[in-house]
Structures are given as structure tokens and as C-alpha cells.
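Quick one, structure for this:
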Amino acid sequence: MKDSALEKLLSSGEVKLGPKESAHDLEAMYHIILERRGKAPESATAFDTHLALASLCKFAWPGKLPSYKSAMTAYKQAFRGIAASARLQDAFRERIKEPLSAAQTFADVVLTRPSAVFEPAPPRARERTKSAARKRAKSKRS
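Numbers count the residues shown, from 1 in each chain. Here you go, the predicted model:
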């Protein structure tokens, strides 16, 4: 991991990874969000870091609905492997909406659902996410 700020947050336990999350994938998405905000990781403000990680469900955010977390977890699954895939990096970069890339204050972003700040995942990735959700639902019924 090359981002010391994110690495510190992970090692301190302030940011926790989900069961199927990769630190490298989280770092890639975090860097792409900062890039879209016109920031390098080393020049990101506390607000930039908080916003990026809140949008990825790693920090609280004023007004963020509980349903955002489950929807965003599914959304991020569509980008599993992003750290090693230029195609997924490009796809994620293209899906960041203006409220996330241009926000200057907490009031500028309302995290009610991922579609408030991200365009839908690519069709192929969405199908994998739906398939995984069906498998989870089936295993819960068993």
C-alpha cells in the first residue's frame, strides 16, 4: 500500500475492511475519487479524505442512510480487482458524479444511495453483483 494516510487509518482500526474487501482495491477507489477531486493523496485535505472514505462506506457522513451501506457494499463488489485492472479503474473513474467530485462542504453531498454520487456499475459487473446476491440469499434460505 502506497498511501500512508489510508494505511494509518487501516492500521489504527479507524477504517475497517469488510469480509470480501481488499485494502488494495479500497486504496485504488480512494485514489480515483481524490484524483477526480483534483487532489493527490499527499495534498488531500481532511475533508477530501473524509468525503472519499464516507462515499465508500468507511466513515460516517451527515444524513447518510443505513441503506446506503448495503447498497454501496454491493456496488463496490462490482469493482473487485480494481487495483490490478486498468479497465475497472477507468470504469470507476467514469462513474463518479459531480456532487462527489466538486463538493466543498458536507451540505454539498447527500449520501442517500450510491446513485447520488456514482453512475450505475457496468452491466457485466452488475450481473456479477446480482449473481453474488442471489447466491447469498440462497445460502441464507438453506
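
How about the contacts made by the residue nearest to the spatial centre of the chain?
Central residue check for the chain by CA atoms, centre = their mean: the C-alpha nearest the mean position is that of residue 56, 2.9 Å away. Contacts for residue 56 were tallied using CB atoms under 8 Å, 6 or more residues apart in numbering; they are 26, 29-30, 33, 72, 76. From N, CA and C alone the C-beta is placed, and that goes for glycine too.

hmm, try it at 7 Å
For residue 56, the contacting residues are 26, 29-30, 72, 76, taking CB atoms under 7 Å, 6 or more residues apart in numbering as the criterion.

Now do it against residue 86, distance only.
In this structure, residue 56 and residue 86 are 20 Å apart, going by CB to CB, to the nearest Å.

likewise residue 29?
Residue 29 is 14 Å from residue 86, by CB to CB.

neighbour count winner among the two?
In terms of neighbours (other CB atoms under 10 Å), residue 29 is the more surrounded of residue 29 and residue 86; the figures are 23 against 8.

sec struct for residue 61, please.
Per DSSP: H, G, I helix; E, B strand; the rest coil, the secondary structure class of residue 61 is coil.

Nearest to residue 95 among the contacts of residue 56?
Out of those, the one with the shortest distance to residue 95 is residue 29. That distance is 10.6 Å, counting by CB to CB.

Let me know the helix or strand that the closest one is in.
Assigned by DSSP states H and E, residue 29 belongs to helix 23-36.

what about that helix, average pLDDT?
With pLDDT averaged residue by residue, helix 23-36 scores 95.

Equivalent analysis for stretch 117-134, please.
With pLDDT averaged residue by residue, stretch 117-134 scores 66.
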